[in-house]
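Visitor: Just need the structure, nothing else, for what follows:
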Amino acid sequence: MSDKADMHLRFCKISGAGNDFILLNAAAAAVVPDLGELALELCRRGTSVGADGLILVESSERADADVRVRFWNPDGGEFGTCGNGTRCAARFAVLDGLAAERMVIDTDDGDIEARVSGAGVALGYRVRPTVELDRSVTGGDGERKGHFVEVGIPHLVVPVDAMPEGPIEPLCRPLRSAPELGPPGANVNLVEVVDRHRIQIRTYERGVEAETLACGRGGSVRSRPSRAASRSHDEERRSSDGPLPARARRWLLPPRARGTGPRRLLGHTRSGSGCRLT
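Guide: Sure thing, here's the model as predicted:
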């Protein structure tokens, strides 16, 4: 971005169950020539704002939808949708006056119904998940079996007897781009069944190319292979530093996926102040 030193940009940063995103109103982002490059610059942790992704929100041109939402990974690549990101986008749409508390969100992966209640956001996906059980993939240590689940975004759900204590990147990075998954690859979700009511989960996300604290759509797809007949379960999220304090509850209501959870506003730039990119 050659003119970035003269650019001021208004944005919000919102966290959804551990995933954090930079959110922009499309009107404010009109000065940005390349949103993929902007995602590369702003999502860097340690040397920039830092986030799991960048999200653009605008009024939808369709009569049967309220807002249009687009997503970029930290590597600059655009993708179709993200569960926690969509919840953050819904809250942002309300905060920025783009939509009422009940809305229909138009994404590249299909429409999503959202209901915002304070910091909480509930979603209903108008998409039918596809599941392929016991798919063999080639990883760094040879062949592994996992369950391939797609709810807009592809996920490889890998059961483990015991959750790794250290970093999961050495195990998950080769699986994320296993040749059997095709060029797009997939997010990798390690799942340990603790007991009949609880599972532990760690997530490696493509585009971020590292472990993240949560994955909204992954939270629903991970339960489907092993708990397809269950009405509900408790899910304990875990990071490399140990179990996270938050516990999310998911309701499995086939054939449509649903999810609910809190969204936390981490910060925003005030009107007229902007964010100076240097």
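Visitor: Show me the helices in the stretch 101-250 of the chain, by range?
Guide: 169-176, 216-221, 223-227 (DSSP state H, counting those that start in this stretch).
Visitor: Can you pull up the most central residue in this protein?
Guide: Nearest to the geometric centre of the chain sits Cys82, at 3.8 Å (C-alpha atoms, centre = their mean).
Visitor: Does that residue touch Val69 like I think?
Guide: No. Applying C-beta atoms under 8 Å as the test, Cys82 and Val69 come out as separate, 9.3 Å apart. The C-beta positions use only the backbone N, C-alpha and C, and glycine is treated the same way.
Visitor: mind checking how far the residue nearest to the residue nearest to the centre of the chain when sequence neighbours are not counted is from Thr107?
Guide: Residue nearest to Cys82 in three dimensions, not counting chain neighbours: Phe71, with 5.5 Å by C-beta to C-beta, 6 or more residues apart in numbering. Counting by C-beta to C-beta, to the nearest Å, the gap from Phe71 to Thr107 is 8 Å.
Visitor: Also Gly140?
Guide: Taking C-beta to C-beta, one finds Gly140 at 33 Å from Thr107.
Visitor: The two - which one has more neighbours?
Guide: Counted by other C-beta atoms under 10 Å, Gly140 and Thr107 do not tie: Thr107 has more neighbours, with 23 against 12.
Visitor: just checking, that one touches Gly80?
Guide: Yes. The criterion here is C-beta under 8 Å, and Thr107 meets it with Gly80 at 6.1 Å.
Visitor: what residues are shared contacts of those two?
Guide: 71, 152 (C-beta atoms under 8 Å, 6 or more residues apart in numbering).
Visitor: What is the neighbour count of the closest residue to Val137 other than its chain neighbours?
Guide: Distance criterion C-beta to C-beta, 6+ apart; nearest residue to Val137, sequence neighbours excluded, is Ala178 at 3.9 Å. Summarising burial for Ala178: neighbours were counted as other C-beta under 10 Å, giving 21.
Visitor: again with the one 10 residues further on
Guide: Burial measure for Val188: 31 neighbouring residues, criterion other C-beta under 10 Å.
Visitor: Show me what it bridges to in the sheet.
Guide: On the basis of DSSP bridges, Val188 is bridged to Leu156, Tyr204.
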